[in-house]
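S.K.: Give me a model of this one.
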Amino acid sequence: MRESPPSETLAAHVEKALARRTLAGGRFFAAECERLALMCHRMAERFARGGRLIASGLSPPARSDARHVAVEFVHPVIVGKRALPALALGAEGGDLARQLDLIARPQDMLIGFDAEGPQAIDTSRALSRGSERGCLTIAFAPLGAEWEFLPPTQDPYVRQELVETFYHVLWELVHVFFEQRGLLGRRDTRRVHDAGASSFLYPFLGEQERDLEPVLDSVRRSALMKADEVGALREQTLLENRESLLRAAAALRARFQKGGKLLALGNGGSATDAMDVVADLRAGGPSRTGRPAVDLTEDAAILTAIANDIGVEAIFQRQVIAYGEAGDALLALSTSGESHNVIAALAEARGRGLHTVAMVGYDGGRVAAEGLADEVVITRSEHIPRIQEAQASAYHTLVELVELVPPGGTAA
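M.R.: Sure, this is the predicted structure:
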């Protein structure tokens, strides 16, 4: 039987990647939506009493998740929502249990993202220490946490994407409970809730706060709705942009083969996604070769020096000047496609002969409208958490495709 040409094989890989995510996502949130809603209530009670969320990630991919969940809680993107205290701890701080000994308080919540290897052992020990202190503990592997949510997949990329959707939904719904003041422990107020800026996301918030169960059920249904939403958005992102992903993979493979490297960048949650894709490329795996990649969001001293002396718009552009060479590539992640520092970096990269790939949300913004990147992958949504979740599927698939492109060949 004749083998399929590379373009057909790679196109089929994208469809299979989507199918794995659709199956695992449906199973995960159907199984866990009730416990997710209940845990949100428990966390809201702790936040209301002064508790903090402390996230840990010791491996490079887990570190990106710890940073991501922290920025979501501290810098909420829903207008009018308060910042909730969250910290991220990584391997750079030393022994994790020791870090928690110094910082954790009884009302805090600990969430550990490492799932295997020695980092998981250290995380389990730290979670146990926190539990003894009175902290609420959360994990995504069987590590002895009070709340464990186990994604039904062995694929590390799919697993991480489900976890990202989980903590985005967690962040959104904790805010809902935090505003249901009459339903929190040690609160007696019962009133009709004004949903305010959240009304378009949570229509049930206008109902009277009579008891906990109806709100828990509404939150459970909201979690399932959001999981369905990102499932549809992953389908749009991967299938509508399939040819762009294939071309980007071929271009990256060609540059890696000739000694080039990838520079990655983004702001906020997109910065942690840049951190993640760089970790994935560097790590390689049993069937993948480690690839040279540089995270332009990683060095706080460089970022703050440039921002302080020149301006935030130049924080990535100056690094492209320093590190970028003809034959390299640049991956820019942006939910809006409008960020000035992202656009400045793309322009600088093009001028220096780098191949540019942009993953953007909404309608693609200026990046798409003005053709500011060689390949533009558009996730058509205005909801930032869902955009980032679908973009994670896109860049994980891109990392896989890079290794499937025939050396010296083309993807399409």
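S.K.: how close does the residue nearest to Ala24 when sequence neighbours are not counted get to Arg21?
M.R.: Excluding the flanking residues, the one nearest Ala24 by CB to CB, 6 or more residues apart in numbering is Thr153, at 4.2 Å. No exception for glycine: its C-beta is placed from N, CA and C like everyone else's. Distance, Thr153 to Arg21, using CB to CB, to the nearest Å: 9 Å.
S.K.: Val14 now?
M.R.: 11 Å.
S.K.: and His350, that's in a strand?
M.R.: Just to correct that, residue 350 is Arg rather than His. No: counting by DSSP: H, G, I helix; E, B strand; the rest coil, Arg350 falls outside a strand, being helix.
S.K.: What separation do you get for it and Ala344?
M.R.: Arg350 is 11 Å from Ala344, where distance means CB to CB.
S.K.: okay, and the common contacts of these two?
M.R.: Common neighbours of Arg350 and Ala344 (criterion: CB atoms under 8 Å, 6 or more residues apart in numbering): none identified.
S.K.: which residues does the residue lying closest to Leu96 once chain neighbours are set aside contact?
M.R.: With CB to CB, 6+ apart as the criterion, Leu96 has its nearest non-adjacent residue at 4.3 Å, and that residue is Ala126. Contact analysis of Ala126 by CB under 8 Å, 6+ apart lists 56, 96-97, 99-100, 110, 112.
S.K.: what do you get if the cut-off is 6 Å, keeping everything else the same?
M.R.: Applying CB atoms under 6 Å, 6 or more residues apart in numbering to Ala126 gives the contacts 96-97, 100.
S.K.: Which secondary structure element is home to Thr165?
M.R.: Using DSSP states H and E, the element containing Thr165 is helix 156-179.
S.K.: How far off centre is that helix?
M.R.: Taking CA atoms, centre = their mean, to the nearest Å, one finds helix 156-179 lying 10 Å from the centre of the chain it belongs to.
S.K.: can you check stretch 268-282 too?
M.R.: On CA atoms, centre = their mean, the centre of stretch 268-282 falls 9 Å from that of its chain.
S.K.: Output it as CSV, nothing but the C-alphas.
M.R.: The C-alpha trace of stretch 268-282 is given here as CSV (Å, rounded to 0.1, in the frame of the first residue of the first chain):
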residue,chain,number,x,y,z
GLY,A,268,1.1,38.3,31.0
GLY,A,269,-0.5,34.9,30.6
SER,A,270,1.0,34.8,27.1
ALA,A,271,4.4,35.3,28.7
THR,A,272,3.9,32.0,30.6
ASP,A,273,2.9,30.4,27.3
ALA,A,274,6.2,31.5,25.8
MET,A,275,7.9,30.1,28.8
ASP,A,276,6.1,26.8,28.2
VAL,A,277,6.8,26.4,24.5
VAL,A,278,10.5,27.1,25.1
ALA,A,279,10.6,24.5,27.9
ASP,A,280,8.9,22.0,25.5
LEU,A,281,11.4,22.6,22.7
ARG,A,282,14.4,22.4,24.9
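S.K.: Which residues belonging to it are considered buried?
M.R.: Residues of stretch 268-282 classed as buried by neighbour count (16 or more other CB atoms under 10 Å): 268-281.
S.K.: Any regions of the chain where pLDDT drops low?
M.R.: Low-confidence segments of the chain, defined by pLDDT under 70, span residues 1-7, 78-80, 178-210, 285-287, 408-412.
S.K.: try it again with 50
M.R.: 1-5, 186-194, 200, 203-209 (pLDDT under 50).
S.K.: Follow the chain on from the helix or strand encompassing the residue nearest to Leu96 and name the next helix or strand.
M.R.: Using DSSP H and E, Ala126 sits in helix 117-133. From helix 117-133 onward toward the C-terminus, using DSSP H and E, the following helix or strand is strand 136-139.
S.K.: List the contacts of that following strand.
M.R.: Strand 136-139 has contacts (CB under 6 Å, 6+ apart) with 109-112, 127, 130-131, 145-148.
S.K.: Now do the helices in the stretch 151-300 of the chain.
M.R.: With DSSP state H, counting those that start in this stretch, the ranges of helices along the stretch 151-300 of the chain come out as 156-179, 212-240, 242-257, 269-283, 300-309.
S.K.: coming back round to it: can you tell me which of the buried residues of stretch 268-282 lies closest to Ala368?
M.R.: Ranked by distance to Ala368 (CB to CB), those are led by Ser270 at 15.8 Å.
S.K.: In this structure the closest one contacts Leu331, no?
M.R.: No: counting by CB atoms under 6 Å, Ser270 does not reach Leu331; the two are 10.6 Å apart.
S.K.: Would you mind listing the buried residues in stretch 289-302?
M.R.: Buried, per 16+ other CB under 10 Å, within stretch 289-302: 291, 293-297.
S.K.: whoops, I mixed them up, stretch 52-66
M.R.: Buried, per 16+ other CB under 10 Å, within stretch 52-66: 52-66.
S.K.: Repeat that for stretch 76-96.
M.R.: Going by 16+ other CB under 10 Å, stretch 76-96 has these buried residues: 76, 78, 81, 84, 86-91, 96.
S.K.: From these, which land in strands?
M.R.: 86-90 (DSSP state E).
S.K.: Next, give me the two most distant ones among those.
M.R.: Ala86 and Gly90 (13.9 Å).
S.K.: ok, Ala358 to Leu36 distance?
M.R.: When distance is defined by CB to CB, Ala358 is 33 Å away from Leu36.
S.K.: So for the two, which residue has more residues nearby?
M.R.: Neighbour comparison, Ala358 and Leu36: the larger count goes to Ala358, with 26 against 23 (by other CB atoms under 10 Å).
S.K.: The helix or strand containing Leu23 to helix 242-257, inter-axis angle?
M.R.: Here Leu23, judged by DSSP H and E, is contained in helix 6-48. Interaxial angle, helix 6-48 versus helix 242-257 (axes from the mean of the first three to the mean of the last three CA atoms, to 10 degrees): 100 degrees.
S.K.: now helix 6-48, how far from the centre of its chain.
M.R.: Offset of helix 6-48 from its chain centre (CA atoms, centre = their mean): 12 Å.
S.K.: Pull up the gap between His175 and Lys16, please.
M.R.: 36 Å.
S.K.: So these two - more neighbours on which side?
M.R.: His175 (21 against 11).
S.K.: What distance do you get for the spatially closest residue to the more buried one that is not a sequence neighbour to Val74?
M.R.: Closest residue to His175 apart from its sequence neighbours, by CB to CB, 6+ apart: Lys81 at 5.4 Å. Per CB to CB, Lys81 is found 11 Å from Val74.
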